[in-house]
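Participant: Sequence and predicted model, in that order:
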Amino acid sequence: MDDERPLGEARAYLRRGVEDGVRCPCCTQLVKVYRRKLNSGMAVSLIRMYRAAGTDWVHLPTQVGARSREEGKLRYWGLVEEKNAVRDDGGHAGWWRLTDAGRSFVLGESRVPRYARVFDGVCRGLRGELVSISDCLGDKFDYAELMAGQATASADSRVMAAHA
């Protein structure tokens with residue numbers, strides 16, 4: 001886009017291409033709405049957060065372990081919130097908690113849309129079929145085992161039995 005075209009034209013161009021991705025004619029940055037899926041790693045993290053603290057604050061790195069590295073994305077669905085705290089070096093402090101919606105989802109009382117539409121780190125809406133936490137876990141994980149806190153113990157005992 002040349003310097004003679006109005007800014008309104010650039011905005012219209014971006015709106016038309018944002019779903020598939022398009023380069024901004026002003027700064028050349030890629031402009032795209034990403035479709036993020038609520039996946040099994042995120043669902044496991046929710047269960048571990050619930051087991052560790054219910055709906056109280058939990059220090060994710062030390063009390064739960066950032067397993068999927070996508071725990072922060074759970075905020076797009078309104079399932080978690082981050083405490084407004086920073087470390088001495090200015091980074092995020094790592095304190096998170098389940099919202100009431102997150103608790104309800106973990107306990108199987110509610111469903112959420114499968115996908116979040118994300119642009120520039122902000123959720124621009126939820127889409128897709130409504131899914132339960134069991135749907136998100138799929139066949140990889142046993143919901144009852146995770147909720148009972150026996151998933152790790154069961155996996156450890158299977159490994160030990162295989163090596164006996």
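Facilitator: Arrived safely.

Participant: longest strand of this structure?
Facilitator: Ranked by number of residues, the top strand in the chain under DSSP state E is strand 122-131.

Participant: Just name the shakiest helix or strand of this structure by mean pLDDT.
Facilitator: None of the helices or strands of the chain scores lower by mean pLDDT, DSSP states H and E than helix 151-162, at a mean of 38.

Participant: picking up where we left off before, name the strands paired with the longest strand of the chain and say parallel or antiparallel.
Facilitator: Using DSSP bridges, the strands paired with strand 122-131 are strand 112-119 (antiparallel).

Participant: For the longest helix seen in the chain, output the C-alpha coordinates as CSV.
Facilitator: Criterion DSSP state H: the longest helix present in the chain is helix 40-53. Output of helix 40-53 as CSV, limited to C-alpha atoms (Å, rounded to 0.1, in the frame of the first residue of the first chain):
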residue,chain,number,x,y,z
SER,A,40,-6.3,-32.3,27.0
GLY,A,41,-3.2,-30.7,28.5
MET,A,42,-5.3,-27.6,29.5
ALA,A,43,-8.0,-29.9,30.9
VAL,A,44,-5.5,-31.8,33.0
SER,A,45,-4.0,-28.5,34.3
LEU,A,46,-7.5,-27.4,35.4
ILE,A,47,-8.1,-30.6,37.3
ARG,A,48,-4.7,-30.3,39.0
MET,A,49,-5.3,-26.7,39.9
TYR,A,50,-8.7,-27.6,41.4
ARG,A,51,-7.2,-30.5,43.4
ALA,A,52,-4.4,-28.3,44.7
ALA,A,53,-6.4,-25.3,45.8
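
Participant: Next, the angle from that helix to strand 122-131.
Facilitator: Orientation check (axes from the mean of the first three to the mean of the last three Cα atoms, to 10 degrees): helix 40-53 against strand 122-131 gives 90 degrees.
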